[in-house]
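**Q** quick check, what structure comes out for this input:
(chains A and B)
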Amino acid sequence: MDSLESLPIAIKQLIVALFPAEQQALVSILVSITAILAVFPLLFGLTTVIERKGLGRIQNRYGPNRVGIPFTDIRLFGFGQFIADGMKMIAKEDIVPRAADRVVHFLAPVVIMIPALLAFAVIPYGRNMAPLDLECGLLFFFAVGASTELCVFMAGWSSRNKYSLLGAIRAIAQMVSYEVPLLLSTLTAVMIAGSLTPTRIVEAQAGFTSWGLANWFLFTPWGFAGFLLFLTAATAEANRSPFDMPEAESELIAGYFTEYSGFKFALFFLGEYLGLFAMSGLGITLFLGGWHAPCAGLEFVPSWAWFFAKLGALIVLFIWIRGTVPRLRADQLMGLAWKFMLPLALLNILVAGAWRFMTPGPARWLLCAAMLAIPYVMLGRALTESGHLIRRKYTFAE
Amino acid sequence: MTPAFLILALVTLVSAVAAMSLRNLVHCALCLAVTLAGLAGLFLTLDAEFVGFTQVLVYIGAVAILIVFAILLTRGDDPAAQGAPSRAWLFGPLVAVVVFVTLSTALLSWTSERSWAPKSDAVARQAVAVKHIGAKLMNDYVLPLEVIALLLTAALIGAVIIAMHEKASGAATK
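**A** Model (predicted):
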């Protein structure tokens, strides 16, 4: 089983050993980059099929189930669909509006791939499997993520289309707003682990408690609250439903990429999903124990398999949320971030500090949980009663 | 003069010149973002990871967005027919020279005060660790940090009040 554990590293070393010594450092970097470039776009392709099938099931229809291997009768449950989609995207005509700013319009989908792919560099995929083990890895992740906003602006502005521009403005406002609770919710894990290095944060979650539960940050009160805040903010950052206001098709056609067609559109689509994967990977690293197994009996499974199993579970969760929760209104979206999530994220930092200095035991657990649960209920009630957050009324569905 | 430095310096300078000379203000802002990214790259070549990433996070993630929105919300999205108004063209280089002289004298006096002996790689790396920056900020420089925090809080409250004002007067006229 040890050989399976270090299989990716062994393959990498095998490839690197093929080259002369002075080139090995460069080749090692290139192999890591190739692995990221191969794995995550493939995962994107599979996710689109799983998402369409999952949404189909939730909406009581089949979803794609025909396309399999060409020229045969093998259908593969429709999992050949993404290859057909990709070929369609490449073959489509590339339309650029006459009024568009051609240079910026062309650059936007290209530039958006840079932050989307760079973010994967610092995520630890398994034991000793972080492509770039930076001391400020977390800072790198957020710095890279923040530059997506400028690409969104470039796309929306250069199209010279009011829907594109409105979509871009909405997207940037939403991303800037939700970045605040996102950063604050990750701070708790940084505080307890005492490091900005993703690998170090994962190592801080190693081991198991006396009753067999893993030492993940998720199983502490502040970690649970932090993960929920992180998950909500990450959904908004990735422009996923129920926070997909920037591309609300009933109002804005397709938001900031309305005027993009063919492969440029596919690049935006890819960038969005890569952002979602990177965010999920960070959530796993910070709160879900990274590559660690959930209980002591399952440690024989290789660490990278655990990482990808957790990633798959989070992707399914995101699809599930998309299929069940209706879209928010723009003002509700901002209200949720600033009036509800921001105070709770700040409180969560306080609770994490208290957790650090209290003696371990059930009393600490209960006290910290109460410190979070009571303000949560009170804040929710206060906002509902004062009319800031109004219960959704379904005019036709009830 | 490593190749990385040369490339980054070239990118930074070319985009800075473009940011000053292009006609369309949004293009200027985008070029400025490239300049800032180049500067972040220069910080990274100096092993100042924290400063480099903070530069990207703050200047590209926030300041560039702010500039772009300010242009968009104040001038509409039509490109200006002529170049940006440059009545202060004599004043600009003067300010630039003053800033450059101040910064360079400060830096030169700092290097003459301390022995500028090349440290070993490990020591240099240790010196820029995030932990040290945090410890310095929380011990030696806690007062400036608090003053900046106060200033930013005041600015935040001021911004909220400016944004709220319209709504309050609208309610009063009703």
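
**Q** from here on, contacts and neighbour counts on C-alpha atoms
**A** Noted.

**Q** excluding sequence neighbours, find me the nearest residue to residue A:137.
**A** Leaving aside its sequence neighbours, residue A:137 sits nearest to residue A:197 (C-alpha to C-alpha, 6 or more residues apart in numbering or on different chains; 5.1 Å).

**Q** what of residue A:341?
**A** The spatial neighbour of residue A:341 that comes closest, neighbours along the chain excluded (C-alpha to C-alpha, 6+ apart), is residue A:181 at 6.2 Å.

**Q** thought that neighbour was touching residue A:340?
**A** No: between residue A:181 and residue A:340 there is no contact under C-alpha atoms under 8 Å: 9.7 Å.

**Q** who's more crowded, these two?
**A** Set residue A:181 next to residue A:340 and count neighbours by other C-alpha atoms under 10 Å in any protein chain shown: residue A:181 wins out with 26 against 17.

**Q** which SSE is that one in?
**A** Assigned by DSSP states H and E, residue A:181 belongs to helix A:162-193.

**Q** how about that helix: buried residues?
**A** Under the neighbour-count criterion of 16 or more other C-alpha atoms under 10 Å in any protein chain shown, helix A:162-193 has A:163-172, A:174-190, A:192-193 buried.

**Q** picking that back up, if I look at the residue nearest to residue A:341, how far off is chain B?
**A** 15 Å (C-alpha to the nearest C-alpha, to the nearest Å).

**Q** can you tell me which residues contact that residue?
**A** A:229, A:230, A:233, A:337, A:341, A:342, A:345 (C-alpha atoms under 8 Å, 6 or more residues apart in numbering or on different chains).

**Q** ok, residue A:224 next?
**A** A:217, A:218, A:287.

**Q** correct me if wrong: residue A:143 contacts residue B:54.
**A** Yes: Residue A:143 lies in contact with residue B:54 (C-alpha under 8 Å); the separation is 6.9 Å.

**Q** neighbour count winner among these two?
**A** Higher neighbour count among residue A:143 and residue B:54: residue A:143, with 23 against 17, using other C-alpha under 10 Å.

**Q** secondary structure element holding the more buried one?
**A** helix A:137-146.

**Q** now that helix and helix A:162-193, what's the angle there?
**A** 170 degrees (axes from the mean of the first three to the mean of the last three C-alpha atoms, to 10 degrees).

**Q** pLDDT averaged over helix A:137-146 - what is it?
**A** On average, the pLDDT along helix A:137-146 is 88.

**Q** same check on stretch B:154-168?
**A** Mean predicted confidence for stretch B:154-168 is 79.

**Q** residue ranges in chain A under the pLDDT threshold?
**A** Scanning chain A with the threshold set as pLDDT under 70 gives A:1-2, A:212, A:245-252, A:387-394, A:397-398.

**Q** which SS class is residue A:327?
**A** Classification of residue A:327 by DSSP: H, G, I helix; E, B strand; the rest coil places it in coil.

**Q** check contacts around the closest residue to it other than its chain neighbours.
**A** Distance criterion C-alpha to C-alpha, 6+ apart; nearest residue to residue A:327, sequence neighbours excluded, is residue A:242 at 4.3 Å. Residues in contact with residue A:242 (C-alpha under 8 Å, 6+ apart) are A:235, A:236, A:321, A:322, A:325, A:326, A:327, A:328.
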